[in-house]
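Peer 1: Here is a sequence with its predicted model. Questions after.
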Amino acid sequence: IFVVEGKGVREPIAAMPGVFRLSIDLAVKEAERAAKLGIPALATFPNVDISLRDQTGSHILDPDNVINRATRAIKDAVPQIGIITDAALDPFTSHGHDGILRDGIIVNDETVEQVTAAAVIQAAAGADIIAPSDMMDGRIGAIRDALDANGFQDVAIMSYATKFASAFYGPYREAVGTAGLLKGDKKTYYIDHANSDEAVREAEQDIAEGADMLMVKPGLPYLDIIRRLKDEFRMPTFAYQVSGEYSMIKAAGANGWIDGEKAMLESLLAFKRAGCDGILTYFAPEVAELLKGGR
C-alpha cells in the first residue's frame with residue numbers, strides 16, 4: 001500500500017486502477033480489512049512531499065516520517081498483521097535513484113550505511129520484515145549485523161536478491177512520485193534482464209550475508225528465475241507482481257480484451273507453480289475476497 005501525509009486522503013493512482021495513496025488513518029482501515037481477509041502482511045511505500053527529498057534521501061532517517069508513523073499506527077490497531085518495509089532511498093531522493101548520487105555515480109558504500117541506519121529505525125517502529133530493494137552490494141550483511149546489534153534479532157530480512165532493470169516499474173514510480181524525477185536509468189545496480197546467472201550469484205551472496213527470504217522482481221517475466229532459485233537454494237522464495245504486470249491485466253480486463261478475473265488468478269497460480277512460497281501483489285484484497293467466497 002502507498003502512504004501519504006494528511007487525514008482522510010484516498011488518492012486514486014491513474015496508472016493502477018483500484019489502487020490508492022492512503023493517509024495513515026485510511027491505511028490502518030486497509031490493514032484491518034486485510035487482516036479480516038486473511039492477508040498475512042502488508043508492504044508499505046511512501047509518497048513524500050518534494051520538499052522533503054534531497055540528494056541523499058536523508059528523510060528516510062526521520063523516525064517520524066510517514067512510513068514509520070504508518071507502521072506504528074497499523075501495529076497498534078492490527079498487531080497480528082505483518083509489516084514489510086523497504087529501506088531503499090528512491091522515494092526520498094530528489095533524483096529518484098535508490099542510492100546516494102555523487103557526480104552522476106551511485107556510491108555503494110555510503111548508500112549501504114544510510115540504508116542500514118534506516119532499517120534499524122524501521123525495525124524500532126515495529127516492522128517485522130525489512131525488505132531492502134536498492135540492490136547495493138553488501139547491504140544484507142550490514143543490515144543483519146545492525147539489527148542484531150540493536151536488539152532486533154527477530155526482525156527478518158527479505159532480500160530483493162534479484163531485482164531486474166525492467167520496463168514494468170512505470171506505474172509504481174507514478175505512485176511514489178519518482179516518475180518525473182529519475183535521472184538516467186538504474187542499469188548500473190539492477191540486474192540485466194538477459195543475465196540469469198548473475199541473478200543466482202546475487203541470491204547466493206545475499207543468503208551468505210544472512211537473508212531469510214528471497215524476492216524476485218518483477219514476477220511473470222521471471223518465472224524461470226523463481227524456479228532456478230528455488231531449486232538451487234531451497235529458501236523461502238517470493239515474487240513481486242509489480243505495478244506494470246498489475247496494470248496490464250487491469251487495463252486489458254477493463255477493455256474486454258481478456259477476462260480480467262481469470263487472468264489474475266492464472267497469473268497468481270503461475271507463481272505458485274514456479275515455486276513461490278508467497279506473492280506480493282496489488283491484487284491481494286481482490287483475490288482474498290474470491291478465495292474467502294470459496295472460488
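Peer 2: Right, received. Where do you want to start? Residues are numbered from 1 along each chain as shown.

Peer 1: which residues of the stretch 51-200 of the chain fall in strands?
Peer 2: 82-85, 101-102, 105-106, 129-130, 156-163 (DSSP state E, counting those that start in this stretch).

Peer 1: export those strands to TSV and tack on mean pLDDT?
Peer 2: Converted to TSV, the strands of the stretch 51-200 of the chain look like this (pLDDT from 0 to 100):
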stretch	mean pLDDT
strand 82-85	98
strand 101-102	86
strand 105-106	86
strand 129-130	98
strand 156-163	92
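
Peer 1: Most tightly packed of those?
Peer 2: Scoring the strands of the stretch 51-200 of the chain by mean neighbour count under mean count of other CB atoms under 10 Å gives strand 156-163 as the most buried, with a mean of 26. For every residue, glycine as well, the C-beta is placed using N, CA and C.

Peer 1: That strand: partners in the sheet, and parallel or antiparallel?
Peer 2: Strand 156-163 pairs in its sheet with strand 129-130 (parallel), strand 213-217 (parallel), by DSSP bridges.

Peer 1: Compare these and give me the one nearest R53.
Peer 2: Of all the strands paired with strand 156-163, strand 129-130 sits nearest to R53, with 21.4 Å by CB to CB.

Peer 1: ok, S166 - contacts?
Peer 2: Under the criterion of CB atoms under 8 Å, 6 or more residues apart in numbering, the neighbours of S166 are 190, 193, 217-218, 221, 242, 244.

Peer 1: Could you pull up phi and psi at it?
Peer 2: S166 adopts backbone torsions of phi -110, psi 160, taken as degrees, to the nearest 10.

Peer 1: Distance-wise, check it relative to I157.
Peer 2: Distance check for S166 against I157: by CB to CB, to the nearest Å, it reads 22 Å.

Peer 1: Adding distance to T44, write the strands of the stretch 51-200 of the chain out as JSON lines.
Peer 2: JSON lines is the format used below for the strands of the stretch 51-200 of the chain (distance: least, CB to CB, whole Å):
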{"stretch": "strand 82-85", "distance to T44": "6"}
{"stretch": "strand 101-102", "distance to T44": "24"}
{"stretch": "strand 105-106", "distance to T44": "24"}
{"stretch": "strand 129-130", "distance to T44": "11"}
{"stretch": "strand 156-163", "distance to T44": "13"}
